[in-house]
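Enquirer: sequence first, then the predicted structure, then my questions.
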Amino acid sequence: MMTLNKDHIAVFEHQMLKLHQEVNGVKFDESKLEAMRSYYGDKGVPYFSLIHNGIQFTEFVGVIQVGNLMIEVLPKADKLETDKGKWQKILIDMLRAVGLFDIHSPGNSDLRLKSNSILDLYFELFIKEVEYLLHNGLIKQYRKKEGNVTALKGNLQFGKHIQQNLTHQERFFVRHTSYDVNHKLHFILYKTICLLKQINTNVQLHSRIGALLLHFPEMPDIKVTEATFEKLLFTRKSQSYQKAIGIAKLLLLQFHPDVSKGRNHVLALMFDMNNLWEQFVYVSLRKFGKGFQSVITQPHKYFWKPDSGLRTGMRADIVIRKADHTVVVLDTKWKNLNGYNPGPDDLRQMYVYHKYYYAEQVALVYPGLESIQRSGTFLHPELGTSTDMKCSIITISVEPNIKIWQKNICKSVEGWMN
């Protein structure tokens, strides 16, 4: 079992971590590098790449826990950024804003662990959800059972009864229906509680996990795959389980036990920053935007069909329909242009959106140090002269206060549209 002490390293996205480098007072030594190499394996992972005597992180942010090493990867909108505490808070607030830190528990629903990693916050969120379910009473479900009983009930399975009970006339092998708490939802929750007991390194959560194991009825261990969760059906009675099961899915499917050494278990909760930025802008426009007829994310359009086979489609990030029914297309990019022009691929993409979505306006939306709007015009393919098709660049300054940031996003987009 893992001890309650851990080495915690915080880095920024795209940052390199070299052998013997010291971060937060923790040295990235040979054992830590080897653990990361082992996790990377032959197939690789999208969260980082291997470099000479080190690793380099990608656009994914979040937490990777390998054995006793926890690496927290934080976003940033400026190359010179050094305030990791600020960006940890911004990342957590962004995840909250897009609904990845929802909670069912009433009353004091705010999480207690204010300054810990995302991994610890997800652990506490799961604990709080299960505590809520236990407080309200675990639900029972019908399930089919087969086995030997001492009283005849259900359907006698004659072949198996003869096979197993020829010398035990007091027993009956039957198939019957049982109504109890032993069902798949609880199997999954119990397996997740046991996982937390195994990998948690936060002292503040240790006793609460122990209390859950004490009060939650012991369940059989099951093999969990993606299919396990796809087969689950939630009814009106089991709706309150959805958030806990969602977190359990996140944790169980991202956990990779070290079967060879039993020390370097891996749990990765990582988020693609481009996807998170897109969702954050979308949620902000839906919540604080005014005068929009509709705001849609990822609407699909086909644009090419082969003579045989499947058609090829495209998905714009955000499509806004204004009150006068005109269409605006936004494409979000999580990077800092630093005053440069967008890449040719991004501009070509916006040209296609202009055509295929019949857009009146299109814009690329970036984070930055200050809010700036620039505009450019697509040129005539033969004459090289300006057309009436424009593509704007909207840079929105990052604000530590998440609500102010969301309102500024709406203000910038609305100001540009009008």
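Expert: Arrived safely.
Enquirer: so, low pLDDT: which residues of this structure?
Expert: For the chain, applying pLDDT under 70 flags the ranges 1-5, 102-116, 158, 176, 258-264.
Enquirer: what's the domain layout of it?
Expert: Taking automatic domain parsing as the reference, the chain has its domains at 7-138+183-273, 141-180, 289-417.
Enquirer: quickly find the element holding V362.
Expert: Using DSSP states H and E, V362 maps to strand 361-368.
Enquirer: tell me the helix or strand right after the helix or strand harbouring Y179.
Expert: Following DSSP H and E, one finds Y179 within strand 172-180. Using DSSP H and E, the helix or strand that follows strand 172-180 towards the C-terminus is helix 184-199.
Enquirer: same for the following helix or strand past that following helix, what does it pack against?
Expert: As assigned by DSSP H and E, the chain's next helix or strand after helix 184-199 is helix 203-215. Judged by 3 or more C-beta pairs under 8 Å, 6 or more residues apart in numbering; DSSP states H and E, the packing partners of helix 203-215 are helix 118-136, helix 184-199. From N, CA and C alone the C-beta is placed, and that goes for glycine too.
Enquirer: of all the ones you listed, which one comes closest to N155?
Expert: Closest of these to N155 is helix 184-199, at 22.7 Å (criterion: C-beta to C-beta).
Enquirer: relative to helix 203-215, how tilted is that closest one?
Expert: Angle, helix 184-199 to helix 203-215, by axes from the mean of the first three to the mean of the last three C-alpha atoms, to 10 degrees: 140 degrees.
Enquirer: list the buried residues for helix 184-199?
Expert: For helix 184-199, burial by neighbour count (16 or more other C-beta atoms under 10 Å) applies to 184-196, 199.
Enquirer: stretch 80-92 now?
Expert: So, applying 16+ other C-beta under 10 Å, buried residues of stretch 80-92: 81, 84, 87-92.
Enquirer: equivalent analysis for stretch 44-55, please.
Expert: 45, 47-48, 54-55.
Enquirer: picking up where we left off before, could you point out the helix or strand that follows the strand holding V362?
Expert: Following strand 361-368 in sequence, per DSSP H and E, is strand 372-379.
Enquirer: after that next one, which helix or strand is next?
Expert: Strand 372-379 is succeeded, C-terminally, by strand 386-397 (DSSP H and E).
Enquirer: angle of that following strand against strand 361-368?
Expert: Strand 386-397 and strand 361-368 are oriented at 30 degrees to each other (the same axes, to 10 degrees).
Enquirer: what does strand 386-397 contact?
Expert: Strand 386-397 is contacted from outside by 330, 337, 342, 347, 350-351, 354, 361-380, 405, 408-409, 412-413, 416, using C-beta atoms under 8 Å, 6 or more residues apart in numbering.
Enquirer: repeat that for stretch 405-418.
Expert: With contact meaning C-beta under 8 Å, 6+ apart, stretch 405-418 is reached by 97, 280-281, 283-285, 287-291, 320, 322, 328, 330, 361, 363, 365, 371, 373, 392, 394, 396-399.
Enquirer: how about the CA coordinates for it, as PDB?
Expert: Provided in PDB are the C-alpha atoms of stretch 405-418 (Å, rounded to 0.1, in the frame of the first residue of the first chain):
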ATOM      1  CA  TRP A 405     -13.400  36.300 -17.200                       C
ATOM      2  CA  GLN A 406     -16.600  34.700 -18.500                       C
ATOM      3  CA  LYS A 407     -18.400  38.100 -18.700                       C
ATOM      4  CA  ASN A 408     -15.400  39.600 -20.500                       C
ATOM      5  CA  ILE A 409     -15.600  36.800 -23.100                       C
ATOM      6  CA  CYS A 410     -19.200  37.700 -23.800                       C
ATOM      7  CA  LYS A 411     -18.500  41.400 -23.800                       C
ATOM      8  CA  SER A 412     -15.600  40.900 -26.300                       C
ATOM      9  CA  VAL A 413     -17.600  38.600 -28.600                       C
ATOM     10  CA  GLU A 414     -20.800  40.800 -28.500                       C
ATOM     11  CA  GLY A 415     -18.700  44.000 -29.100                       C
ATOM     12  CA  TRP A 416     -17.100  42.400 -32.100                       C
ATOM     13  CA  MET A 417     -20.400  41.100 -33.500                       C
ATOM     14  CA  ASN A 418     -22.100  44.500 -33.200                       C
END
